[in-house]
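Chemist: When you get a sec, could you give me coordinates for this:
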Amino acid sequence: MARSADSALSEAETQNLSRIAESVRGTFQSVEDMTQAFIREAILQGIFPPGQRLNLDTIAESLGVSRMPVRASLRQLENEGLVRINHHRGASVSVLLPEEINEIYELRILLESYLLKLAMADLDDALVDRLESIAHELEETSELGKRLELRFRLYEELYRRANRPRALAQVNMLRGSVGRYLLLQRVDEHHSHEELIAQLRAHDVESATAWLVIHLRKVSQKLQGIVAAEEKAPA
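Modeler: From the prediction side, this is the model:
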């Protein structure tokens with residue numbers, strides 16, 4: 001359940017916000033970019049959960065900035081689908097509906113299949129070896145946040161070989177929009193990437209693409225089911 005905008009953060013949440021603020025300071029050319037990165041990371045980490053009204057003063061104070069870059073950042077994050085702005089109620093973290101999750105994964109299937117096919121046209125053993133190493137580390141990790149991070153690294157390295165930065169940016173934006181749900185709802189598919197690695201080594205584009213589509217559809221269906229059940233649950 002989301003807090004009201006006026007509710008105090010817990011001590012742990014305040015510490016996490018301070019940690020995020022420290023990590024973004026000095027790493028961006030503009031205050032607006034820094035503020036946007038701060039809010040985005042707080043949402044993805046679940047400090048600001050779905051439905052949470054966002055307190056501009058809390059965000060501004062955390063970074064030592066005025067409310068102006070906070071407002072500008074929220075408008076940009078609205079474009080990314082992470083925030084919704086109501087002119088009467090203010091800004092809040094987006095709550096995804098099952099049909100929106102379905103659309104996100106349909107788009108991911110289209111874009112990621114495209115990137116996978118292009119990447120496989122330029123694969124070499126060195127890249128597959130790196131991907132296999134990440135996959136092995138993923139298999140040995142039980143902590144969900146770390147597993148999601150490793151999975152992101154694996155696909156990021158693979159898709160980067162396609163040399164389509166705009167398509168990859170769109171994929172990452174779509175992944176970010178559901179990543180907080182995967183983390184907060186502890187959605188994880190404990191499947192092995194061994195089959196995918198073998199298909200990459202064999203340059204079997206058709207089998208690798210089919211594997212990817214099946215995987216994404218499974219996660220989509222599981223996440224839609226969780227969100228639909230939450231919608232029906234009594235408040």
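
Chemist: Could you use CA atoms for every contact and neighbour count after this?
Modeler: Fine.

Chemist: residues in contact with the spatially most distant residue from the centre of the chain?
Modeler: Largest separation from the mean C-alpha position in the chain: A202, at 29.9 Å (Cα atoms, centre = their mean). Residues in contact with A202 (Cα atoms under 8 Å, 6 or more residues apart in numbering): none are found.

Chemist: What segments of this protein are strands?
Modeler: 83-86, 90-93 (DSSP state E).

Chemist: Kindly compare burial across these and name the winner.
Modeler: Mean neighbour count (mean count of other Cα atoms under 10 Å) peaks for strand 90-93 among the strands of the chain, with a mean of 21.

Chemist: Check which helices and strands that one sits against.
Modeler: Applying 3 or more Cα pairs under 8 Å, 6 or more residues apart in numbering; DSSP states H and E, one finds that strand 90-93 contacts strand 83-86.

Chemist: Just list the residues touching the nearest residue to E41 once chain neighbours are set aside, thanks.
Modeler: In this structure, E41 finds its nearest non-sequential neighbour in I20, 7.3 Å apart by Cα to Cα, 6 or more residues apart in numbering. I20 makes contacts with 38, 41-42, as judged by Cα under 8 Å, 6+ apart.

Chemist: Tell me how far I20 lies from R201.
Modeler: The gap separating I20 from R201 is 39 Å, by Cα to Cα, to the nearest Å.

Chemist: Repeat that for R25.
Modeler: 41 Å.

Chemist: In terms of secondary structure, what does the top helix by length along the chain contact?
Modeler: For the chain, the helix that runs over the most residues, judged by DSSP state H, is helix 205-232. Packing partners of helix 205-232 (3+ Cα pairs under 8 Å, 6+ apart): helix 98-120, helix 194-201.
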